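A.B. asks: the amino acid sequence is not available; the structure is as follows:
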Ligand code: TYD
């Protein structure tokens with residue numbers, strides 16, 4: 001079996017984690033070996049990013065771009081590429097499209113983000129679970145405290161617009177997240193099946 005690299009994108013609260021788990025179960029039932037992973041990672045760069053996200057300290061957006069890209073390169077080398085070489089299907093929550101959507105909404109240019117991520121492997125499939133900023137926020141508010149990005153509804157709205165802009169170029173497929181869970185999962189499975 002040849003390995004595959006699939007990335008799942010969307011606002012916090014769009015249901016990424018739930019759907020990744022369901023996709024993994026479905027793929028494993030068919031005999032595929034699956035690795036579920038996410039960014040920012042729990043590695044040293046990811047940990048630093050998480051401290052920035054909870055507002056512990058502030059950095060210029062250029063540093064944000066570089067740190068997310070560095071965390072990603074480490075993730076690729078240590079987790080993603082070895083799994084793909086091993087014939088596994090990698091389901092990654094967030095990837096380069098997160099950096100384009102979030103960091104350009106926070107003042108970075110698209111060129112800056114693309115340059116920092118120029119060596120990042122292209123996914124076989126990238127999917128956006130699209131929900132409104134309001135719907136996403138109301139979902140996470142019920143579960144936990146919000147981080148600095150999540151508190152900012154204007155930022156979340158901008159991120160969604162950026163995601164939809166990327167989707168219009170065709171590199172990011174869209175699944176409507178405001179449908180019943182089974183329907184969202186079925187739409188995701190249809191897209192995944194096409195790249196297997
Ligand atoms: P998130 O998926 O919420 O991670 P966790 O569930 O482990 O807390 O990601 C945290 C935040 O990081 C989220 O608001 C989006 C942001 N982010 C970026 O701004 N750029 C990026 O490149 C990535 C990967 C995430």
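C.D. replies: Yep, it's here. Because the structure is a prediction, the values reported are computed rather than measured.
A.B. asks: quick check: residues of the chain near the ligand?
C.D. replies: 12, 38-40, 53, 68, 93-94, 98-99, 102-103, 149 (Cβ under 6 Å from any ligand atom). Yep, even glycine has a C-beta here, placed from its N, CA and C like the rest.
A.B. asks: just the buried residues of those.
C.D. replies: 12, 38, 39, 40, 68, 93, 94, 98, 99, 102, 103, 149 (16 or more other Cβ atoms under 10 Å).
A.B. asks: filter the residues you listed down to the ones in helices?
C.D. replies: Of these, the ones assigned to helices by DSSP state H are 68, 98.
A.B. asks: make TSV from the residues of the chain next to the ligand and add distance to residue 159 and pLDDT to it.
C.D. replies: Below are the residues of the chain next to the ligand laid out as TSV (distance: Cβ to Cβ, whole Å; pLDDT from 0 to 100):
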residue	distance to residue 159	pLDDT
12	10	93
38	17	98
39	15	98
40	15	98
53	14	93
68	14	98
93	15	98
94	12	98
98	9	98
99	11	98
102	6	98
103	10	98
149	8	89
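A.B. asks: now those residues in CSV, with distance to residue 18?
C.D. replies: Supplementary listing: the residues of the chain next to the ligand in CSV, determined by distance: Cβ to Cβ, whole Å:
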residue, distance to residue 18
12, 13
38, 13
39, 18
40, 19
53, 21
68, 23
93, 11
94, 15
98, 18
99, 23
102, 21
103, 26
149, 20
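A.B. asks: ok so residue 73 is a helix residue?
C.D. replies: Yes. According to DSSP: H, G, I helix; E, B strand; the rest coil, residue 73 belongs to a helix.
A.B. asks: so what's the backbone phi/psi at the spatially closest residue to residue 94 that is not a sequence neighbour?
C.D. replies: Distances taken as Cβ to Cβ, 6 or more residues apart in numbering put residue 39 closest to residue 94, at 4.5 Å, once the chain neighbours are dropped. Main-chain dihedrals, residue 39, degrees, to the nearest 10: phi -130, psi 150.
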